[in-house]
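1. Got a sequence here, can you build the structure:
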Amino acid sequence: VTEYSYSLDEEGIGKTAFELIFAFDEVICLGHKENVTVTQVKQYCEMESHEEKLHKLVLQSKINETKDVMKRKASEIDKSKIDKNRSDKGGFMSMGSGRIETSFSEMSISSSGSGFGSGSGFGGITTDLDAFSTKPKGRQPSAATAPPKGFGMQLGKSQKTNQFLESLKAEGELIVEDLQPKVGQSRVAAAPPTDPITLTAEEKLNVTLKRDGGISNFDVQGTLSLQILNQEDGLIQVQIETGGNPGILFKTHPNMNKELFSNENILGLKDPNRPFPTGPAGDAAGVGLLKWRMQSADESMVPLSINCWPSVSGNETYVSIEYEASAMFDLRNVVISVPLPALREAPNVRQIDGEWRYDSRNSILEWSILLIDNSNRRSVHFFQYRKLQV
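-> I've put the predicted structure just below:
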């Protein structure tokens, strides 16, 4: 039931009544239990029809074409009304309005130029003009100077939709809806490096701890990459420090001089007269120079350890979660996910350092800490929950 309904009260069950009926129909047949899993029930209930999707796309394309025709006709009618009003008012008013529009256009161009903007006391006016251009107030621009927004884009979209539907009919491929991402959710691309030479070190840690203590898996993998923008800067060598840890295994690129690295910890090509390859500013990958890996069974090297102590009292369970971070380095954007059984309501959090969120669909409590430093190397999280009675 919790897979389809966020809340288990009467209102929540009523909103998902049909989904629950279909799910129970897959589980029980003629009073007998079917041998199916929750994953299989989801697959059976989410069966999709190729013909239904094709019909919906055809119907949507017709609706879009009809809307385009309506907007085009409405634009033509508005334009004809404007032309008729101008012709009725006479030539003098038409010339006057033309002079006003031209002077306003020239004023806008001169205001964005250096002469008007650099004048003393006009800085605030430039800002106001920018705000006015983004958020217009008062008189709306005419149809001749500002055509309807997105009119041409909608026509192009209709053509692309028709071509897509025709290709589907010809090939019989499965239809997948194209979801356009929201502007607010789009990620801002990272600025490309501007330095002529950039070294990037990336290290990943994968740790698996046992339930009763001890390490099941401890794996550290790292890479060192080099990015050069200009070809004249390619004749270089890189001096590094390995730290002297015997447990770390290093592996250089096949084109690197292994003897030079083993003896002097210097990364250079086998041919000293050959420059390193260069790449554009947008290529953030660079050239891989060195890789390293370390495996260990020492529990003291784990950057973060977690202890969980649940205590059952009747229908309620009291949970105490404690984390302890190592003093080797600070941790950022830490998320601790606690799996819970199916609950009737969200758990009652009594004490927490940071923020928490309860995912009712997956029944997971997420504990988020932005920064773990010397001020909060150790912290305890208390909460209680009541298990759902079936």
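2. Please report the distance of residue 255 from residue 267.
-> 11 Å (CB to CB, to the nearest Å). (Each C-beta comes from the backbone N, C-alpha and C, glycine too.)
3. Please disregard the earlier target; I meant residue 369.
-> Counting by CB to CB - residue 369 and residue 267 are separated by 37 Å.
4. ok, back up a step: quick one: which of residue 255 and residue 267 has more around it?
-> Ranked by neighbour count (other CB atoms under 10 Å), residue 255 and residue 267 place residue 267 first, with 22 against 14.
5. residue contacts, the more buried one?
-> Contact analysis of residue 267 by CB atoms under 8 Å, 6 or more residues apart in numbering lists 224, 237, 238, 239, 240, 252, 256, 260, 261, 289, 290.
6. Next, give phi and psi for the closest residue to it other than its chain neighbours.
-> Distances taken as CB to CB, 6 or more residues apart in numbering put residue 238 closest to residue 267, at 4.2 Å, once the chain neighbours are dropped. The phi and psi values for residue 238, taken as degrees, to the nearest 10, are phi -110, psi 120.
7. Could I get the pLDDT score of residue 238?
-> pLDDT for residue 238: 90.
8. just residue 31 next, same as before
-> With respect to pLDDT, residue 31 has a value of 74.
9. From residue 24, how far out is it?
-> 12 Å.
10. okay, those two: which has more neighbours?
-> residue 24 (11 against 5).
11. quick one: secondary structure of that one?
-> Here residue 24 takes the helix state, with states given by DSSP: H, G, I helix; E, B strand; the rest coil.
12. Correct me if wrong: residue 256 contacts residue 291.
-> No. Between residue 256 and residue 291 there is no contact under CB atoms under 8 Å: 11.0 Å.
13. more crowded one of those two?
-> Neighbour count, other CB under 10 Å: between residue 256 and residue 291, residue 256 has more, with 19 against 15.
14. Ignoring the adjacent residues along the chain, who's closest to residue 311?
-> The shortest distance from residue 311 to any non-neighbouring residue, by CB to CB, 6+ apart, is to residue 318 (4.6 Å).
15. Now do the helix or strand containing residue 56: which elements does it pack against?
-> Following DSSP states H and E, one finds residue 56 within helix 50-89. Counting contacts by 3 or more CB pairs under 8 Å, 6 or more residues apart in numbering; DSSP states H and E, helix 50-89 packs against helix 91-112, helix 151-171.
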